[in-house]
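In: Below: sequence and its predicted model.
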Amino acid sequence: MTIPSGFNNSNEESRVCKLRKSLYGLKQSPRAWFDRFAKVLKTQGYQQGQSDHTMFYHLSRGVKTILIVYVDDIILTGDNIGEMERLKKCLATEFEVKDLGQMRYFLGMEIARSKKGISVSQRKYILDLLAETGMLGCKPSDTPIEAGKVIKDTGKPVEMDKYQRLVGKLIYLSHTRPDIAFAVSVVSQHMQAPKEIRLEAVYKILRYLKGTSGRGLFFGKNKSKGVEIFTYADWAGSTEDRRSTTGYCTFVWGNTTTWRSKKQNVVARSSAEAEFRAVAQGICEGLWIKKLLGELKVEVELPIKLYCDNKAAINISLNPVQHDRTKHIEVDRHFIKEKVDNGIICMTYTPTKEQTADVFTKGLPRQAFHDFISKLNMINIYSST
């Protein structure tokens, strides 16, 4: 730590202060805080999750207590009220904590409960963003990105800091809004040298949010106890470099849990290859969910169903002979076939019209877009009845 100005002289230019205690605001302070917090929890009999290191859990005779921490914000849940009260008293003796009661607002996310389930949205976050950009009175848009429109990188450069701040806030918003995942993925690919046409695409997303500010994810009670994965790839969808876009979403017990929209790292030579890479990504996500639930002693029905609309990709994963067409994707092919042979994954064909992950790979017409959004269990609890 450098000596503050006024405390050193020309003879002591090489001297520094020895930091004996982590200070708030320094780069290493979050890690030092988390290490201290983790040690306290482990002394109370809690185990740290290996699939998610910010999760700590306590299992005793079939009852669970789960704690999730983000920096110094904590969520505590479980079906053992006594253990939860004991842990809160323990934390209060070690740290300065404040019990806010039942969770209603957490890191910009609003949580609403009913007998049917739990709704998670970011309405206030959206309204604050619209007010900040002066778009509270704008005309709403039906979709976050136009279907089939080719956005050429033209126009005058825009202020990079302003563009990056806007897109960064949209990226955080997509944690509860899978409907804007693809649009945000597109605008986030030009963070270093944004042009006017890209900023217009950002404003298009904001206009869509204006009309859907209350929309969020709904987690309901379902009889199904399985995990399902939908994977899709838009082959050569990018007009700039002809790379494909991978899209997948997972459902745990019928509820949308994770999703992703990301441009692939290499150019695919066929639609089957693009789909195959998307399938590999989807399987990795499914295995992570299986491991996470396994740590919490939650049974997962096997095999995990993976839905793909490309029969060639399904055939390649089941047929070990087609090596002449798959030499360049040999690692993915062996990985997928191993999981299929072990009975962990079951690949199932689904028509493109029913492929939910399509919404993460390209802009869709209004009707198709809203049909897929409804399948993601997104509702607006603020809409008039």
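Out: Received the coordinates, thanks. Remember, it's a predicted structure, so these values are computed and weren't measured experimentally.
In: What residues sit buried inside the longest helix anywhere in the chain?
Out: Longest helix in the chain by number of residues, with DSSP state H as the criterion: helix 271-295. Under the neighbour-count criterion of 16 or more other Cβ atoms under 10 Å, helix 271-295 has 271-283, 285-286, 289-290, 292-293, 295 buried. C-beta: built from backbone N, CA, C; applies to glycine.
In: got it, and stretch 171-185?
Out: For stretch 171-185, using 16+ other Cβ under 10 Å, the buried residues are 172-174, 176-185.
In: and if you look at stretch 374-383?
Out: Going through stretch 374-383 with 16+ other Cβ under 10 Å, the ones that come out buried are Leu376, Asn377, Met378, Ile379, Asn380.
In: Return the subset of the residues you listed lying in strands.
Out: Met378, Ile379, Asn380 (DSSP state E).
In: Not counting its neighbours along the chain, what's nearest Glu146?
Out: Take Glu146 and drop its neighbours on the chain: the residue closest to it by Cβ to Cβ, 6 or more residues apart in numbering is Gly363, 5.5 Å away.
In: go on, Lys139?
Out: In space, Lys139 comes closest to Arg207 once its chain neighbours are excluded; the distance is 6.5 Å by Cβ to Cβ, 6+ apart.
In: How about Leu209?
Out: Using Cβ to Cβ, 6+ apart and skipping the chain neighbours, the partner closest in space to Leu209 is Ile126 (5.1 Å).
In: repeat for Trp288
Out: Distance criterion Cβ to Cβ, 6+ apart; nearest residue to Trp288, sequence neighbours excluded, is Ser51 at 5.9 Å.
In: pLDDT wise, what is that neighbour at?
Out: At Ser51 the predicted local distance difference test score is 92.
In: I'd say it and Lys290 touch.
Out: No: proximity of Ser51 to Lys290 does not meet the contact threshold set by Cβ atoms under 8 Å, at 9.1 Å.
In: and the closest residue to Gln102 other than its chain neighbours, what pLDDT?
Out: When the adjacent residues along the chain are set aside, Gln102 lies closest to Arg113, with 7.9 Å between them (Cβ to Cβ, 6+ apart). Here the pLDDT value assigned to Arg113 is 90.
In: Could you check how far Arg113 is from Leu206?
Out: For Arg113, the distance to Leu206 equals 29 Å [Cβ to Cβ, to the nearest Å].
In: And Ser270, by the same measure?
Out: Applying Cβ to Cβ, the value for Ser270 to Leu206 is 37 Å.
In: ranges for the helices of the chain?
Out: All helices of the chain, identified by DSSP H, fall at 29-43, 81-94, 123-133, 160-173, 181-187, 196-211, 271-295, 311-318, 330-341, 366-375.
In: just checking, what packs against the fifth one?
Out: Spelled out, that is helix 181-187. Packed against helix 181-187, as judged by 3 or more Cβ pairs under 8 Å, 6 or more residues apart in numbering; DSSP states H and E, are the following elements: helix 160-173, helix 196-211, strand 245-252, strand 255-263.
In: what's the most buried one of those?
Out: Highest mean neighbour count of the helices and strands packed on helix 181-187: strand 245-252, a mean of 25 (counted as mean count of other Cβ atoms under 10 Å).
In: helices or strands next to that strand in the packing?
Out: Against strand 245-252 (3+ Cβ pairs under 8 Å, 6+ apart) you get helix 181-187, strand 227-234, strand 255-263, helix 271-295.
In: could I get those as JSON lines with distance to Gln28 and mean pLDDT?
Out: As requested, those are exported to JSON lines (distance: least, Cβ to Cβ, whole Å; pLDDT from 0 to 100):
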{"stretch": "helix 181-187", "distance to Gln28": "31", "mean pLDDT": "92"}
{"stretch": "strand 227-234", "distance to Gln28": "38", "mean pLDDT": "93"}
{"stretch": "strand 255-263", "distance to Gln28": "30", "mean pLDDT": "93"}
{"stretch": "helix 271-295", "distance to Gln28": "28", "mean pLDDT": "91"}
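In: Could you say which one of the ones you listed comes nearest to Val69?
Out: The closest of these to Val69 is helix 271-295. By Cβ to Cβ, the value is 15.9 Å.
In: Now do that closest one against helix 311-318, angle only.
Out: In this structure, helix 271-295 runs at an angle of 60 degrees to helix 311-318, with axes from the mean of the first three to the mean of the last three Cα atoms, to 10 degrees as the basis.
In: tell me the angle helix 271-295 makes with strand 255-263.
Out: 140 degrees.
In: Show me the domain layout of the chain.
Out: Domain assignment for the chain, taken from automatic domain parsing, gives 29-112, 120-214, 223-359.
In: Export those domains to JSON lines and append columns for distance to Ser5.
Out: JSON lines is the format used below for these (distance: least, Cβ to Cβ, whole Å):
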{"stretch": "domain 29-112", "distance to Ser5": "23"}
{"stretch": "domain 120-214", "distance to Ser5": "28"}
{"stretch": "domain 223-359", "distance to Ser5": "46"}
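In: rewinding a little: contact partners for the residue nearest to Lys139?
Out: In this structure, Arg207 makes contact with Met135, Cys138, Lys139, Pro140, Ser141, judged by Cβ atoms under 8 Å, 6 or more residues apart in numbering.
In: pLDDT below threshold where in the stretch 1-150 of the chain?
Out: Residues of the stretch 1-150 of the chain that meet the criterion pLDDT under 70 lie in 1, 8-13, 21-24, 148-150.
In: Please repeat the previous calculation with a cut-off of 50.
Out: Regions of the stretch 1-150 of the chain meeting the criterion pLDDT under 50 are absent.
In: Let me see the ranges of the strands in it.
Out: When assigned using DSSP state E, counting those that start in this stretch, the strands of the stretch 1-150 of the chain occupy the ranges 47-48, 55-60, 63-70, 73-78, 105-106, 109-113, 117-121.
In: And those: which comes nearest Asp341?
Out: Between those, strand 55-60 lies closest to Asp341; by Cβ to Cβ that is 30.7 Å.
In: which helices and strands sit right next to that closest one?
Out: Counting contacts by 3+ Cβ pairs under 8 Å, 6+ apart, strand 55-60 is packed against strand 47-48, strand 63-70, helix 81-94.
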